[in-house]
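Chemist: Could you look at this predicted model? Sequence included:
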Amino acid sequence: MEFLGSHLLSVDQLSREDVELVITVAQRLEPVARRRKITRALEGAVLASLFLEASTRTRLSFGSAFSRLGGAVRETVGLTFSSMAKGESIADTARVISGYADIMTIRHPEAGSVAQFAHASLVPVINAGDGAAEHPTQALLDIYTIEEEFAARNKRLDGSHILFVGDLKYGRTVHSLIKLLSLYDKMTFTLLAPELLSMPDPIVELVQARGHHVIQRNALPVTPEQVDVVYTTRIQRERLQGEQIEGYSRDFHVNTAFVNEVGDASTIIMHPLPRDSTPASNDLSTDLDADPRLAIFRQTDRGIPIRMALFALILGVSDNIEATYRDPSWRVSP
Amino acid sequence: MEFLGSHLLSVDQLSREDVELVITVAQRLEPVARRRKITRALEGAVLASLFLEASTRTRLSFGSAFSRLGGAVRETVGLTFSSMAKGESIADTARVISGYADIMTIRHPEAGSVAQFAHASLVPVINAGDGAAEHPTQALLDIYTIEEEFAARNKRLDGSHILFVGDLKYGRTVHSLIKLLSLYDKMTFTLLAPELLSMPDPIVELVQARGHHVIQRNALPVTPEQVDVVYTTRIQRERLQGEQIEGYSRDFHVNTAFVNEVGDASTIIMHPLPRDSTPASNDLSTDLDADPRLAIFRQTDRGIPIRMALFALILGVSDNIEATYRDPSWRVSP
Amino acid sequence: MEFLGSHLLSVDQLSREDVELVITVAQRLEPVARRRKITRALEGAVLASLFLEASTRTRLSFGSAFSRLGGAVRETVGLTFSSMAKGESIADTARVISGYADIMTIRHPEAGSVAQFAHASLVPVINAGDGAAEHPTQALLDIYTIEEEFAARNKRLDGSHILFVGDLKYGRTVHSLIKLLSLYDKMTFTLLAPELLSMPDPIVELVQARGHHVIQRNALPVTPEQVDVVYTTRIQRERLQGEQIEGYSRDFHVNTAFVNEVGDASTIIMHPLPRDSTPASNDLSTDLDADPRLAIFRQTDRGIPIRMALFALILGVSDNIEATYRDPSWRVSP
């Protein structure tokens, strides 16, 4: 796709070259993300950040990324706009707000609604999550994380083996990510989920049609070979009933023993966060917190350079961004 | 009025010269509003934006205008401040918050309360709407819109004919706007509303006392001559009962047929927005959406330069603002 | 303490030299706080301001202070984060958000929770109030106010007499402030409170152990000598029952007569605000509003330079901050 001036609504818009371009720009922006440098490249620009569904971390991540580039962020948070409560159409709302801004990030509880916003907007729209449908910037930061973690371990993404475990039916994150990964070559995907929460068939078929090896399992053991990535997901409790959670809990709890069984010292563990740390949740175990294989916080940190890269590409400042770098006058925590 | 350092609480403060000054400054700020230029004129200044009643678009419009001028925006949104819930007076709240900022914009559900805030504030206050009373920046962006649309059609505001249609009793927007328009010469105003929702007598008398021609109607046909502006308003459903809405709906629905009957190719259609697009609302019809006479989105866009102009005048940076203009380093959507 | 890169969680971290350093930096930042000068010292830095309990004024004060230093503020307000509602631990939340920012300010309803945040954070955390436990920046702005007001009256803090009146049991403000004041020499503290709301014994013992004179009273007259400061507090209504409020109301209402009885023309009157101005509250009387001894608004104003000073010290820009000062291009209200 041509990023300049475009909406980013779905990972379906992205080719492998697009993904690699975003990653390259993100890498070039790491000095700013790590606050070794500052830039004012977007000085004078305004982001309108509209979160019609609560998502504190995603909202703050987009906002910080835009702030780091020197732009101003105007926000609204809530289940609806006051104007929508008065019967205003999405088209009217989008057209009006787009007149105040240079770019918009939108989170909405309904699948497809962000595309409706984009259709009526004067300015580019980035989908920050629409219901169970899409969350393309999460998938991009996930793939950036895999690339960076693999590079540090002298591994390549092509030909690697990714284990997805947990709720593979409702998690939009895993849907978007496996689609992006299927743009690479000769991947193996093991999908470990209870029968009721298995990956939707159309996605499995798409991945297979692109020539990848897909293994579906409902219980351990999952594989004779070591996996390179264990990608876990939060249980969508609101969609599960009593016994289902029971069954889920016993077999799919990712902890140190689980990782040691399916992986080795070079395996990395990912999670889109938040993870549920309440005792009965059986979400990703805290017994891995000191394990260097646990990449979940490096993963969330990488949301900043990825989102900066998208803003920079869409607003046309990525080409020579290094020329705008200056030293901060303040000091960064070590 | 002298804008520098002053509150803007009511259109009653404004003379025709004041309105023309605001419009002139808004025109000079259009390059910034359209992002052909950026400015940092208000760098270091802080706007405290207090919305004690929900109004997403007005809040974002004020905030974006201040951001475009280079200032920082600190906001609070909600039915009340936490401190007010603890029994704090408006005077204390206003005095405290004014110590954090250089200017304040306040929306409050009660008529007159913004003036109370202003009385206790150390810094200038702009009324962003107080109940059914005043919304002066909306009236200014409306009159700016009429001036600009007329200029593009080689028309003059003096001597023109404005049709107000809908709820003329409760809509503060039309009250403020007709007062401002009555500062011009030899206007004709047709007021089309159901009996129960007609324009309050004191306003009609004020307009007549200033020498203008006022025609009041409860049904079509409204006029033997063509009108220059059709200004429609949202039905304040919360104030109407069953049959009243019925009666209202049948006679006052502004759509293409309505506009063709009362106007011609040079007529413009305005609305303060939001418009209610739910099927039974009978608010301004979407059948006009592709009609070049529909000025409603150009109207809302003009809120940015008008609010920038007010900030610039009140904070004393309007005189030579062009000297601060720079080119943006990012690219604007076409 | 070493401020650079450190958390500020409790006044217990501070020595007298630390307090004096913060005050000195605050004084040097007054030209910015008063908008005679602007600075961009923190350009490129991001504050994440997390208010998990409502506190409009404290949030706006921190935010304005950071904006005045040239940094960007990203905020979240609400009883909880959406992620915490999904079972995320404080440690995970803190770690994730700290990856988006250079410094955090946190208000939380539970004592000790801000320290938990700080423990997991990558960046410095300033406690903006955690339940009944601590609110160190309020204590610092209070002591700065006393120093400045005394200087204007040719008084010294060492050897002075401070009267605390009201709810001394639950008010975290008075607990933190008396601890800081006890770092000075030969103070006299009179504590006037109903029996049920008297200052906790451990604090009284700490102050006495540091060599100060403590007088505890449950009714007037409080003292044979004049006091230098009357520090009043809001009644924590939610913690009092019917008759208790009655008894409280009659004896502890600070008004002009009260101040004239215990003080003289050089006495100053302070209050952490908000004050309850509803008729039956018996909080600090408005009959003092025109009295030059009433320092409550000068007190809240001083929150800006104090918070700027803390940001500057922790982020390492305090040393030569004056070198960054420029003249604003806009004009300040007189």
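Modeler: Happy to help now that I have it.
Chemist: Next up, the contacts around the residue in chain A that chain B sits nearest to.
Modeler: Closest contact between chain A and chain B, by CB to the nearest CB, is at residue A:44 (2.9 Å). Every residue, glycine included, has its C-beta placed from N, CA and C. Under the criterion of CB atoms under 8 Å, 6 or more residues apart in numbering or on different chains, the neighbours of residue A:44 are A:71, B:32, B:35, B:38, B:39, B:40, B:68, B:70, B:326, B:328, B:330.
Chemist: now with 7 Å?
Modeler: Residues touching residue A:44, when contacts are defined by CB atoms under 7 Å, 6 or more residues apart in numbering or on different chains, comprise B:38, B:68, B:328.
Chemist: and the gap between the first one and residue B:332?
Modeler: This means residue B:38. The span separating residue B:38 from residue B:332 equals 11 Å under the rule CB to CB, to the nearest Å.
Chemist: Between the two, which has more neighbouring residues?
Modeler: Neighbours were counted for residue B:38 and for residue B:332 using other CB atoms under 10 Å in any protein chain shown; residue B:38 has more, 21 against 15.
Chemist: Tell me the pLDDT of that one.
Modeler: In this prediction, residue B:38 carries a pLDDT score of 98.
Chemist: what about the residue lying closest to it once chain neighbours are set aside, distance to residue A:110?
Modeler: By the measure of CB to CB, 6 or more residues apart in numbering or on different chains, the closest residue to residue B:38 outside its immediate chain neighbours is residue A:44, 2.9 Å from it. Distance, residue A:44 to residue A:110, by CB to CB: 33 Å.
Chemist: Contacts for stretch A:134-153 next, please.
Modeler: Outside stretch A:134-153, the residues that reach it (CB under 7 Å, 6+ apart) are A:8-11, A:19, A:22-23, A:26, A:126-129, A:156-157, A:172-173, A:176-177, A:180-181, A:229, A:266, A:268, A:270, A:272, A:295, A:298-299, A:302-303, A:306-307, A:310.
Chemist: repeat for stretch A:284-300
Modeler: Counting by CB under 7 Å, 6+ apart, stretch A:284-300 makes contact with A:141-142, A:145, A:149, A:232, A:253-256, A:259, A:267-271, A:273, A:275, A:277, C:95-96, C:99, all of which sit outside it.
Chemist: What subset of the residues you listed is buried?
Modeler: Buried by 16 or more other CB atoms under 10 Å in any protein chain shown: A:141-142, A:145, A:149, A:232, A:253-254, A:259, A:267-271, A:273, A:275, A:277, C:95-96, C:99, out of these.
Chemist: confidence score at residue A:234?
Modeler: 76.
Chemist: In which helix or strand does it reside?
Modeler: Here residue A:234 is covered by no helix or strand, with elements defined by DSSP states H and E.
Chemist: That one: what's it in contact with?
Modeler: Residue A:234 sits next to A:274, A:275, A:276, A:283, C:86 when contact means CB under 7 Å, 6+ apart.
Chemist: which residues touch stretch A:306-316?
Modeler: Under the criterion CB under 7 Å, 6+ apart, residues A:3-6, A:8, A:22, A:25-26, A:29, A:32-33, A:41-42, A:45, A:61-62, A:65-66, A:68-69, A:102-103, A:124, A:126, A:137, A:140-141, A:144, A:318, A:321, B:330-331 lie in contact with stretch A:306-316.
Chemist: Please give the element, helix or strand, for the most centrally placed residue in chain A.
Modeler: Residue closest to the mean C-alpha point of chain A, counted by CA atoms, centre = their mean, is residue A:138 at 0.8 Å. Mapping residue A:138 onto the secondary structure by DSSP H and E places it in helix A:136-152.
Chemist: in that helix, what's buried?
Modeler: Taking 16+ other CB under 10 Å as the basis for neighbour counts, the residues of helix A:136-152 that come out buried are A:136-150.
Chemist: Give me the residue ranges of chain A where confidence is low.
Modeler: Along chain A, the parts satisfying pLDDT under 70 run over A:79-82, A:222-224, A:235-251, A:334.
Chemist: What parts of it come near chain C?
Modeler: For chain A, the residues in contact with chain C under the definition CB under 7 Å from any CB of the partner chain are A:35, A:38, A:54-57, A:60-61, A:63-64, A:67-68, A:234, A:273-278, A:281, A:297, A:300-301, A:304, A:328-333.
Chemist: Contacts only, for residue A:31.
Modeler: A:37, A:325.
Chemist: Helix, strand, or coil at it?
Modeler: Following DSSP: H, G, I helix; E, B strand; the rest coil, the label given to residue A:31 is helix.
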